[in-house]
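Asker: pasting the sequence and the predicted model now:
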Amino acid sequence: MAELDLEDNNIMIEEEIDDNKMALDGINMLLNNGIQESVALFERYKDYSPVMSAGCSFVCFMQAIMTFEDDKLAEAFKALQRTEKQCELGEGFIKTLKRKLTGKKSEAAQITKEEKLQRQIIVADSVMYQAVLTFINQDITSYIKGGWLLRKAWKNYDKVYKEVHALYSQNNGGVADERTDTRKDVSSQTSQSSVSHGSLVSVESDSSLADGVVMTGDVVERLMGAVGFGYGLFQICISMAPPKVLKLIEFIGFEGNRELGLKTMEFASRSSDMKAPLATLGLLWYHTVIRQFFALDGANIRAGVAEAEIIIERIEKEYPNSSLFLFYKGRVQRTKGEIDDAISSYQCALEACEGERELQHMCIYELGWSNLMKLNWREAFTAFAKMKDESRWSKAFYAYLTAVCQGALGDIKGAHANLQDVPKLVKRKNNQIEAFVGRRAAKFKKQSPTQEHILLLGLEVLYLWNALPMCKEDAINKMQEECSKIEDRKIFQLRSLIEGALHKLQGNNEFAVVCFEEAIARHQGTKEDYHIPAFAMYELGMILTQKPETVNKGKAYLIKAKDGYSDYDFENRLNVRIHAALKRLKESTVTS
């Protein structure tokens, strides 16, 4: 390692620094509970090279998406824009004219092929992360802007992926190992994808890359991992986008290939690039959060568990006390229904990240949800009350969850006070979650809720977040018992939806169908809570598509759920689930 003077960010270099290794070390610090050390490293070296700048902006991005706090989101966006600008090789008209008059070489002509490719990858990554931050706002303007950013990112990814793959093929023509086998599979699919969508960018090689320098196999392999992370993540995210979003960004020119994305991410996770551990995290995020939340595998809520367990076993020795990997271990256990074990893992993760506020909040949030799933209202209340006090993201949501837990415990006065606070705490009315809790809480502006009503609201949250399938049987039975006590006709439609979901989980599909049909019928004539019949229609469709004799009727229900309702709470969330279900039906029809 070179000897450096870090005062005032002035770097005195006595020997060349391996910035790729330093960046990887910085990311490993981040994952081994050293967020502050990682931030300090990247902050001090961010002007040394594009790679270190990329590491710095990515750490900002990661902190932002862990908290969703406005100041961190804005800071991350600025950092990503700075990195993008630092890496761009294009010249404006004035600069080009001046260079030609002076006879000086352009910056692009002075750097190596490796660095040119590296910069192109970093630009694509930076733009994609900006798109993710833009989509968080969830309004139409953000979708349009985010769509434009995604298009820009894809054009960069598609171009540089082809460049790097061509070099990889030259260097590894006859060599085969675990990674090259994966890469051959990926490259085959990529070639097919490129034929279908070749109108987006030129397939010809960039002549500016022909600088006569031959890169080693290790360098090309690292570049394959570097581009594979963003390329794979891009494919996965686009494949899950709700239909409305896809319509807004259809000019991107393709439908995301989830299988290709996962294989590319797997290759990246085993590379020597700084994003290798991030690709591992990305795979865990997909298998333990996204697949369940969006019901991508239908009723098979435990899909992804086996893949996640293999990944955790592989990296456990390298990151034995990493709070992030302990967190994902808890997610795997929670998905398997092992809630007590999950709580234990979250507690260990919480202790391991002492002093790291963002990670602590992630763990506390999961502790709240795990206890909610066990109907441990007091423990859940403690967690959500802490989040309400400390988190700067959506205090309205945490106030609502706190109120639900208080009411379930019998503290109706305290619950009512928290519910009255919710509308005042709403910051973004275009945010689906805040809009939902704001409307729910507004119903109790003058009148206190009953304990049975507020307990039902707690079960509704578990249902909407697709957490019911991970609950233990004793908790499910307790929920059914609580539903049977409800006598307020005003909330019968919601009760019917929840009862249907509980019967479905227990395999009582006939009773479930009756409940879902009741939820739809009871909603007729009302002018609010349109999410109830929409979700009930979806559930009916999912049940009916399980049998060959009713599959067409079930498909019709799914289409009606998609097209027959609009502007209701969590519409995008449900549309992703419907989109996934219809896609599975289409695939099963083709293969049968």
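Answerer: Looks like it came in fine.
Asker: buried residues in the longest helix along the chain?
Answerer: Within the chain, and with DSSP state H defining each element, the longest helix by residue count is helix 140-171. Residues of helix 140-171 classed as buried: 142-143, 145-165, 167-168 (neighbour count, 16 or more other Cβ atoms under 10 Å). From N, CA and C alone the C-beta is placed, and that goes for glycine too.
Asker: over to stretch 40-55?
Answerer: So, applying 16+ other Cβ under 10 Å, buried residues of stretch 40-55: 41-42, 44-46, 48-55.
Asker: now do stretch 444-456
Answerer: Across stretch 444-456, burial judged by 16+ other Cβ under 10 Å covers 444, 449, 451-456.
Asker: what about that stretch, start to end distance?
Answerer: Using Cα to Cα, to the nearest Å, the end-to-end distance of stretch 444-456 comes out at 14 Å.
Asker: any idea of the mean pLDDT in it?
Answerer: Stretch 444-456 comes out with an average pLDDT of 91.
Asker: what lies in contact with that stretch?
Answerer: 403-404, 407-408, 410, 412-413, 415-416, 419-420, 423, 457, 482-483, 485-488, 491, 494-495, 498 (Cβ atoms under 8 Å, 6 or more residues apart in numbering).
Asker: could you rerun that using 6 Å?
Answerer: Identification of contacts with stretch 444-456 by Cβ atoms under 6 Å, 6 or more residues apart in numbering yields 404, 407-408, 412, 415-416, 419, 482, 485-486, 491.
Asker: got any ranges where the stretch 301-450 of the chain has weak pLDDT?
Answerer: For the stretch 301-450 of the chain, the stretches flagged by pLDDT under 70 are 429.
Asker: got the contact list for stretch 33-52?
Answerer: Residues outside stretch 33-52 that contact it (Cβ under 6 Å, 6+ apart) are 6, 11, 19-20, 23, 26, 29-30, 53, 55-56, 59, 86-87, 119, 122, 323, 352-353, 356.
Asker: thinking again about what came up before, closest one to Asn477 out of the buried residues of stretch 444-456, please.
Answerer: Asn477 has its nearest neighbour among the buried residues of stretch 444-456 in Leu455, at 14.9 Å by Cβ to Cβ.
Asker: look up how far Thr402 lies from the closest one.
Answerer: 14 Å (Cβ to Cβ, to the nearest Å).
Asker: ok, how many other residues are close to Gly525?
Answerer: By other Cβ atoms under 10 Å, the residues close to Gly525 number 6.
Asker: who's in contact with it?
Answerer: Listed by Cβ under 6 Å, 6+ apart, the contact set of Gly525 is empty.
Asker: give me the secondary structure label for it.
Answerer: Secondary structure state of Gly525, per DSSP: H, G, I helix; E, B strand; the rest coil, is coil.
Asker: do the same with the one 4 residues further on
Answerer: When classified by three-state DSSP, Asp529 comes out as coil.
Asker: what are the buried residues along stretch 278-292?
Answerer: Buried residues in stretch 278-292, counted by 16+ other Cβ under 10 Å: 278-288, 290-292.
Asker: now render those as JSON lines, adding distance to Asn466 and pLDDT.
Answerer: As requested, the buried residues of stretch 278-292 are exported to JSON lines (distance: Cβ to Cβ, whole Å; pLDDT from 0 to 100):
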{"residue": "Leu278", "distance to Asn466": "26", "pLDDT": "88"}
{"residue": "Ala279", "distance to Asn466": "25", "pLDDT": "91"}
{"residue": "Thr280", "distance to Asn466": "24", "pLDDT": "91"}
{"residue": "Leu281", "distance to Asn466": "22", "pLDDT": "88"}
{"residue": "Gly282", "distance to Asn466": "20", "pLDDT": "88"}
{"residue": "Leu283", "distance to Asn466": "20", "pLDDT": "92"}
{"residue": "Leu284", "distance to Asn466": "18", "pLDDT": "91"}
{"residue": "Trp285", "distance to Asn466": "16", "pLDDT": "87"}
{"residue": "Tyr286", "distance to Asn466": "15", "pLDDT": "89"}
{"residue": "His287", "distance to Asn466": "15", "pLDDT": "90"}
{"residue": "Thr288", "distance to Asn466": "13", "pLDDT": "87"}
{"residue": "Ile290", "distance to Asn466": "11", "pLDDT": "81"}
{"residue": "Arg291", "distance to Asn466": "10", "pLDDT": "81"}
{"residue": "Gln292", "distance to Asn466": "6", "pLDDT": "77"}
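Asker: from the residues you listed, which land in helices?
Answerer: 278-285, 291-292.
Asker: in helices only, show me the contacts of stretch 33-52.
Answerer: 19-20, 23, 26, 29-30, 53, 55-56, 59, 86-87, 119, 122, 323, 352.
Asker: which one of those is nearest Lys113?
Answerer: Arg119 (10.9 Å).
Asker: tell me, how many residues neighbour the closest one?
Answerer: For Arg119, using other Cβ under 10 Å, the count is 23.
Asker: what does Arg357 give?
Answerer: 16.
Asker: list the contacts for it?
Answerer: Neighbour list for Arg357: empty [criterion: Cβ under 6 Å, 6+ apart].
Asker: wait, Leu457 touches Gln406, no?
Answerer: No: at 11.6 Å, Leu457 does not count as touching Gln406 under the criterion of Cβ atoms under 6 Å.
Asker: any low-confidence regions in the chain?
Answerer: In the chain (pLDDT under 70), the answer is 1-16, 89-110, 137-140, 172-214, 240-256, 429, 590-592.
Asker: and the helices in the stretch 351-500 of the chain?
Answerer: Remark: helices assigned in the stretch 351-500 of the chain by DSSP state H, counting those that start in this stretch are 357-373, 377-390, 395-408, 412-425, 432-442, 451-464, 473-484, 492-505.
Asker: for Ile136, which of those is the nearest?
Answerer: Proximity to Ile136 (Cβ to Cβ) singles out helix 432-442 among the helices of the stretch 351-500 of the chain, at 11.0 Å.
Asker: number of nearby residues for Glu473?
Answerer: Using other Cβ under 10 Å: Glu473 sits among 10 other residues.
Asker: ok, and the closest non-adjacent residue to it?
Answerer: For Glu473, ignoring the flanking residues on the chain, the nearest one in space by Cβ to Cβ, 6 or more residues apart in numbering is Gln506 at 7.9 Å.
Asker: and if you look at Val437?
Answerer: For Val437, the spatially nearest residue (Cβ to Cβ, 6+ apart) is Tyr400, at 3.9 Å.
Asker: how far away is that neighbour from Glu69?
Answerer: 18 Å.
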